[in-house]
Structures are given as C-alpha cells and as structure tokens.
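**Q** coords please:
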Amino acid sequence: MSDFFGTALDNDDLRQDEDPMSALAIDDTLPLLEKIEKYINSGILLHRLYLIRTLAESAKQIGLDETRKHLIPVLERLLQDREAAVRQALVEQIPSFCRFLLDSGNEEAYTQILHIFVPMVAEMTTDPNQQVRASAADVFLQLSSLLHQSDLEPYLLPIVKSLANDNIDEEHRLEAAFLLLGMAETLGLDLCLRFSMPLISKLSADNIFRVRKAIAGNLGTISRTIGSDATITEVMPILRRLCEDEIWGVRRAAAESLVSVGSSMHPSQRLDQLLPLFDQLAQDTSRWVKGSAFQSLGPLIALFPGNQVTSNLLQYFISMAKPEPSQEADLVLYCAYNFPAVLVTVGPDRWSELAPTYASLVQEREPRVRRTLAFSLHEVARILGKAKTEEVLTSIFDKFFNDIEEVKVGVITHLVKFLAVLSTEGRKRYLPLLVDIQADKNWRFRKLIAKQLRMLAQLYDIKSTTEVIVTLTVHLCHDQVAAVRKSANRQIGVVLNRLIKDDPQGHMRIELERQIVSMGTHASYQRRQQFLMICEDLIHQIDESLFETKVLPIIFALQRDKVSNVRVALVQVIRQMLSMERFAKHKDLSDVLQKLKDDKDRDVRHFANSAESQHAFRQPFDMTFDIYDSSDSRRGSRDTSHDDESSIIDLVDDAEINLFGDDIDRESRSPPRENFKLKTETIPNTIIPNPNFEIPENSSREPEETETTPMNEEPTSTGPVQVETQVEEQVEAQVENQIEVQVENQV
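**A** The predicted model follows:
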C-alpha cells in the first residue's frame, strides 16, 4: 500500500474488498471527542492530518476545560508520529492553540503554554526532518511574542543557546542564527546585548561558512534593536570580519547588509563606519561581491547627509553607468533605478556632476534602463526645479514619449506630476500631446490619461481647461473601451466643478452638464449605468441645489428602468447618498430604496436589503496628485421585465492590469526591499523604488558555493540573461466590447 495511505493498515482501516477511497472518508456523524479518539489512531495518514488541522477549531467548540483534559494529551501523542507531515502539521497548529488558551484569561492555561507547548516546539527544532525544523523555528518566533517578557530568558533562551552550542550538527547552529536574529525585536535591548550578541559573535566565526553567511546577511535586524552606539561597538567588528571572509558568498552577504546596518547608526557616524567597508568590497576580487556592493551603493548614499557625499563616492556611482568588463553589465540598471535617490541626497546644486551620467543613461540601448528612467523622470524634475527641467528634461520627456511603448508608458503614467513642475507656458506646449494620447490606439494609454483628468483640470488655467480638457473628458467618457470610460467617469465631477467655479456661464460648462444629463435618459443601458456611476462622484463635487435640480429627478426616474443592472447601480447611488449627512433624512430617497427592496429582480432586492452594501462604495476622492484607481466588477445587463428570478450576467472584471506584465513575480525581481525602506529616513517619501523596475535574472541567482571554493575565486558567469518584453495585445478590450455588444443585443 502506498505511503499516501500510511504505513500501518489493519482490517478496520481498509478491508481487501473495500474501495480505497471509501476508507478515506471521515465519519462526521460521530461525537467530536469520539471522532478525535478514532482518527488519531488511524493508520491512514490523511485521517491524522485531517484531525490535526481541525484540532484548534475543535478546542473552541468544546471549551477550555475539555481542551486541557482531552485535546492537549492528543497533541503530545501526535508529537511522536512516525510521519514527518503529521509532525509538521502539528507544530503549525500550536500557535492557534496557544492563542486560544491565552484568550481564556486563565493563568493556569498560560502555565500550560510554558510547560507543555514550549517543550513541544523545542523538541521539534531538533527533528530529523528539515521541513519540520523550519516550521518549528517559525512557531518558536511566534511563541516568543506571546510570552511575558520575564519568561523569555528562563524558558526560551536556553533552547536557543543549546542549538547555538551544538558543535556536531551545523543545522542546529543555522537554526540558532535564525532564531537569534528573528527574536531581536522581541528580546529588546538588554537581552540582545547580554544574551544574543555573544552567541552571534561566536556563530559569525563558525567553521561552517553557511552559518557565517546566515549571520552576515541578517545583521541589520539586531542593529535596529540595539541602537547606534551598540551597533558600532558590537556589530561593526563582526561585519568587518565577515567582509574579509575567505568564502565569497559570506562576503557578498556582508555587502548586502551594509545599508541595513548603517541605517541603525546616527547619520554623523555612518560615513566613517561604512565608507571604508564599501571601498574594500568595491575592489573585491569576486565580481559577485563587487556587484552586490555596487547594487547597494544608491541606498548607501541616501543614508548620508548631502555634504558627506564625497566626489570619490559619487564617482563610484557614476562608474555604474559604464561598468567595466569585470563587473556585472546590469549595474547600469541599478544606476538608473537609484538615480533620483542619489540626486535628492546630493541636491540640485551638484547636478553638473551627475548630468553627463544621466545623459548617458537616457541614450542606453537597453529598454529596461530607459523604462526605469521614464517612470522616475517626474521625480528628477521635482528635484531640479522649473528652470532646469525646462532647459534639460523636456527634451528627454519628448524622447521617451516617442520611444517604444514599454518606455512611453512611464512618462504617461506620471504625466501630470511632470507638468506640475513646468511654468504655465511650458505646460501649454503639451496640450496637443494630451489629444494625441486620447487618440492613441493603445487603450491602456487612454485609460492612464483618463485617470489624470481631475488633476489636469486643476493644473491648467480655465481657458486651457475649457478648450482642451473638457473636450478630452467628453471623448474619454464615450471611449469604445469600458475600462477607459470607467476611469473617466470618476474624474468628470472635478472637471465640472472647476467650470462651475471659474466659468459659470461658459458654453463648455453648459455643454458638459448637458452631456452628463443626457446619459441618464439615453436609450443604451450602458449609458444609463454610466450616468449613475458619474453621480457617485458628482455627489461630492457639485453644489447641493444644482444636484437636486438637475440630477436627482433623473435618479428618481431610473427606479422604473427595465434593465436590472441599472436598478442595481441605482441602489448603490442611493445608499451612498443616504450615508451622507445632507441626504440622510431625504424622504424621497428612502422611499425609492424601500421600493427597490421589493423589486421583482432578486439581485436588486439583495443589494437593496443588504446592510453591508452601504460600506462597499467608493469613498470620496481626495484632491491630491496620488490617486489610485480602485478595481470593482462591471456588470452586464439584460431586460428583466419578463424575468422575475433572473440573475445578473457577470462580465469581464475590469481590474487594474499592468501594461507590460511587470506585476508577475515582481517581488523576486525587485531590489532587496529592506534596503530601500531606509530611504524614507533621509529623503522625501516621493522618492521610492520604481515598481516597474526589473532585476536582471542573472543578478538574482547565486552560483554554487562550497567550503572548497578557493579564496577569491567563483564560478564564471554566462553573462546577463536577455529578457524580452512584449507589448500586450488589445485582447481584453476586444473581449469586453464583444460581450457588451452581445448583452446590448439581448436588451
């Protein structure tokens, strides 16, 4: 019999003439405790796994006393199970059990955690199976956060010390390194200095390089806990020693810790402590070590006060734009990625030192480099200011706008932020460009500009708004692609509000009002739905009297709409209005909602009667430049005038889609996040890693390393992996529109 069914089957588990699948069934008719007793002794592995994964829920059902009497002994028996999968599942259930005991508020229950569950986890940390040990280590960290601070030293730390002092099994010392660094925040300053640091120092000199490497790569975690002075006296000597390790993998891990360790120091101390180490690593004989050091250079510079960034240090960064043959070719990508952070650190006064590098990066043949620059161009403009932007960066903007689509998307995404830096006349030069984007065949570009309409209406003067922005808004609201229309719907209220305030009697204000009102009585159900979607934004943008005279009568009329999805959209609008103070006591709105609660269509009734639905609506838009499009489902519709219990046809979900697929496995392709969290300490929050940045595949791989690897030698590289990106076809748009046409035909 396969191990899948266990290794010990008796006649009660599976008779020879019985269907194997029937033997796997769980008898849910048994009383809970009887079921537990039966299946804990089952020879079938799946039975025992099922039992374990339901024990925490079972504890809640039977209560504290029965749990302590019946379930905890079950856990102790399962601890000795012959199957590693059972032991792993068991240890992963322990935190849930412990939280259940703590929630009871019973002091005796807490005592059981100390004397039963902590020893259980301790035993699992030395399990012969690696996956069980890994799960036990994770649970150990969770337990450390549940215990009283005074109980950490007597109950948990001896376990860690025993692992660290195990001179026979290196896996135990690796586990100790993981626990020491992972528990640093929980232990606090005193225990870290008194207990953790001596063991970390010992493990950093371990004769097994994997242990030293584990310490080297995570020193930043304990540095954050012990503070600046202790980091310099306790951690820096360890880091210096590891930077000189004979194994290149250890030196590389140490190079990756420079920024995280440095962020824990006082800014005035960082340069003297970190610069010598960077100089050493930047000249390492291993290209992998040098590559990691240079990849950390941008965040490292961002740690220093601007007047501490010497010309030599800046020269290191500049050299990344044209790497030497012995260096990784992809350093140019890191140079482009970190350029705004370095520029904001040294300040615009030193632009002359960086300008040639930026010009070189702009001309790079590698599309990923230009793409990264395109996504951060608005930040460089903000740092340099209006005069220098119009002198230097407008030509670069034009170049990127006429580049391939994967580069062009960067400047379109942050178009308004770039225009905001320019002078009034400088902005006007880009008005024709807005029209070009609206006419672009790539619907995703049209969607990007639609999402910026409210900001454009505030950025340009009233003349430009009436002549260009209003027309642009109307066109995008009638775009052939639903995703574009939806984005424009959410912006139109601000555009109208701008006209009401600054051009109340203007022709375009009257025309825009007419366009909005006409949607509410349009023959197409899609336009009527669109009108209601626009109303959700209009509620927050236009004067109450104008809304009640021009918009509210149409809203009331739509309660009799023959298409159920229009009425569903109406429910959403009415609920949103009733949640606002100015409409909360509006009797007519309440009456309409009451009628919709008795609607003949079950979906309308569901939404009208759902108390939770009022919390699901989009919140009023803020007026900042950082506006993100929410994704919500778009419904299709059909005539339900003769269909009492019909259900709604769900169409393609109009969720946010990244233009070029960069959202796939983005975590693994981004620079180490712990490094870039540090930027916010010394530079504005707007300088953040570009989410569209791609890490070269070869840079994320580490070649095999062994104890026999000669000093200063590493496997040769096959060179950078060429990653080709392809522009997505307009498949989603076509599918959406085809379905819409089919539904429209049904109506």
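**Q** avg pLDDT for the helix or strand N338 falls within?
**A** Using DSSP states H and E, N338 falls within helix 331-346. In this model, helix 331-346 has a mean pLDDT of 95.
**Q** which positions in stretch 258-270 come out as buried?
**A** Of the residues in stretch 258-270, those with enough neighbours to count as buried (16 or more other Cβ atoms under 10 Å) are L258, V259, S260, V261, G262, S263, S264, M265, R270. Just so you know, the C-beta spots here come from the backbone N, C-alpha and C atoms, and that holds for glycine as well.
**Q** send me it as PDB with only the CA atoms.
**A** Once side chains and other backbone atoms are set aside, the C-alpha atoms of stretch 258-270 remain, and they are given as PDB (Å, rounded to 0.1, in the frame of the first residue of the first chain):
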ATOM      1  CA  LEU A 258      25.800  47.400   4.700                       C
ATOM      2  CA  VAL A 259      22.700  49.600   4.300                       C
ATOM      3  CA  SER A 260      20.500  47.800   6.900                       C
ATOM      4  CA  VAL A 261      23.300  48.000   9.500                       C
ATOM      5  CA  GLY A 262      24.100  51.600   8.600                       C
ATOM      6  CA  SER A 263      20.500  52.700   8.900                       C
ATOM      7  CA  SER A 264      20.700  52.000  12.600                       C
ATOM      8  CA  MET A 265      23.600  54.400  13.100                       C
ATOM      9  CA  HIS A 266      23.500  58.100  13.800                       C
ATOM     10  CA  PRO A 267      23.900  59.900  10.400                       C
ATOM     11  CA  SER A 268      27.100  61.600  11.600                       C
ATOM     12  CA  GLN A 269      28.700  58.200  12.200                       C
ATOM     13  CA  ARG A 270      27.700  56.500   9.000                       C
END
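**Q** for it, the distance to its chain's centre please.
**A** 26 Å (Cα atoms, centre = their mean, to the nearest Å).
**Q** for stretch 148-167, same thing?
**A** A distance of 35 Å separates the centroid of the chain from that of stretch 148-167, by Cα atoms, centre = their mean.
**Q** leaving out sequence neighbours, find the closest residue to I159.
**A** In this structure, I159 finds its nearest non-sequential neighbour in A122, 4.6 Å apart by Cβ to Cβ, 6 or more residues apart in numbering.
**Q** surely that neighbour meets K161?
**A** No. The criterion here is Cβ atoms under 8 Å, and A122 misses it with K161 at 11.6 Å.
**Q** so which of those two has more stuff around it?
**A** The neighbour count for A122 versus K161, taken as other Cβ atoms under 10 Å, is higher for A122 (19 against 15).
**Q** so that one versus L79, what's the distance?
**A** Here A122 is placed at a distance of 11 Å from L79 (Cβ to Cβ, to the nearest Å).
**Q** likewise for A216?
**A** Separation of A216 from L79 (Cβ to Cβ) stands at 35 Å.
**Q** what mean pLDDT does the longest helix along the chain have?
**A** Determined from DSSP state H, the single longest helix within the chain is helix 45-66. The pLDDT scores in helix 45-66 average 87.
**Q** who's in contact with it?
**A** Contacting residues not belonging to helix 45-66 are listed as 3-6, 24, 26, 32-33, 36, 39-40, 42, 67, 70-71, 74-75, 78, 81, 83, 85-86, 89-90, 93, 96-97, 100-101, 104, 106, 109 [Cβ atoms under 8 Å, 6 or more residues apart in numbering].
**Q** can I have the buried ones of the residues you listed as a ChimeraX selection?
**A** Buried residues among these (16+ other Cβ under 10 Å), as a ChimeraX selection:
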select :5,6,24,36,39,40,42,67,70,71,74,75,78,81,83,85,86,89,90,93,97,100,101,104,109
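**Q** now, the contacts of helix 45-66 that are in helices?
**A** Applying DSSP H to the contacts of helix 45-66, the entries found in helices are 32-33, 36, 39-40, 74-75, 78, 85-86, 89-90, 93, 96-97, 100-101, 109.
**Q** helices along the stretch 451-600 of the chain, start to end?
**A** Per DSSP state H, counting those that start in this stretch, the stretch 451-600 of the chain has helices spanning 453-459, 462-464, 470-477, 482-489, 492-502, 507-520, 525-538, 544-546, 552-557, 564-578, 587-597. These are given in chain order.
**Q** lowest average confidence across these, which one?
**A** Comparing mean pLDDT across the helices of the stretch 451-600 of the chain, the weakest is helix 544-546, with a mean of 85.
**Q** which positions in the host helix or strand of A302 come out as buried?
**A** A302 is part of helix 297-303 when elements are defined by DSSP H and E. Neighbour counts over helix 297-303 (16+ other Cβ under 10 Å) mark L297, G298, P299, L300, I301, A302, L303 as buried.
**Q** what of stretch 312-325?
**A** Neighbour counts using 16+ other Cβ under 10 Å place L313, L314, Y316, F317, I318, S319, M320, A321, P323 of stretch 312-325 among the buried residues.
**Q** what's the closest of those residues to E405?
**A** Within those, distances to E405 taken as Cβ to Cβ reach their minimum at A321, with 24.6 Å.
**Q** hmm, the closest one is touching V332, no?
**A** Yes. With contacts defined as Cβ under 8 Å, A321 counts as touching V332 at a distance of 5.6 Å.
**Q** need the overlap of contacts for these two.
**A** Residues touching both A321 and V332 (Cβ under 8 Å, 6+ apart) are L361.
**Q** so who does the residue nearest to D206 when sequence neighbours are not counted touch?
**A** In this structure, D206 finds its nearest non-sequential neighbour in R212, 5.5 Å apart by Cβ to Cβ, 6+ apart. When contacts are counted by Cβ under 8 Å, 6+ apart, R212 is found next to L203, S204, A205, D206, L242, D245, I247, V250.
**Q** quick one: which of those has the most company?
**A** Using other Cβ under 10 Å as the neighbour definition, the contacts of R212 reach their maximum at V250, which records 26 neighbours.
**Q** number of residues surrounding Q480?
**A** One way to gauge burial is a neighbour count; for Q480, by other Cβ under 10 Å, it gives 12.
**Q** roughly how far apart are it and F556?
**A** With distances taken as Cβ to Cβ, Q480 is found 31 Å from F556.
**Q** count of residues packed around the closest residue to A420 other than its chain neighbours?
**A** Using Cβ to Cβ, 6+ apart and skipping the chain neighbours, the partner closest in space to A420 is L459 (6.1 Å). Applying the criterion other Cβ under 10 Å, we find 19 residues in the vicinity of L459.
**Q** ok, now which ones touch L459?
**A** Contacts for L459 (Cβ under 8 Å, 6+ apart) come out as V416, L419, A420, R427.
**Q** from those residues, which land in helices?
**A** In helices, defined here by DSSP H, the members of the contacts of L459 are V416, L419, R427.
**Q** ok, and the closest non-adjacent residue to the second one?
**A** Same thing as L419. The shortest distance from L419 to any residue that is not its chain neighbour, by Cβ to Cβ, 6+ apart, is 5.0 Å, and that residue is R427.
**Q** wait, that neighbour touches T465, no?
**A** No. Taking Cβ under 8 Å as the definition, R427 is not a contact partner of T465, at 11.5 Å.
**Q** more neighbours, the two?
**A** Legend: neighbour count by other Cβ under 10 Å for R427 and T465, higher for T465 (24 against 19).
**Q** export the helices of the stretch 451-600 of the chain as TSV, with columns for distance to G347.
**A** Output for the helices of the stretch 451-600 of the chain, formatted as TSV (distance: least, Cβ to Cβ, whole Å):
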stretch	distance to G347
helix 453-459	26
helix 462-464	33
helix 470-477	37
helix 482-489	37
helix 492-502	35
helix 507-520	43
helix 525-538	40
helix 544-546	48
helix 552-557	54
helix 564-578	47
helix 587-597	56
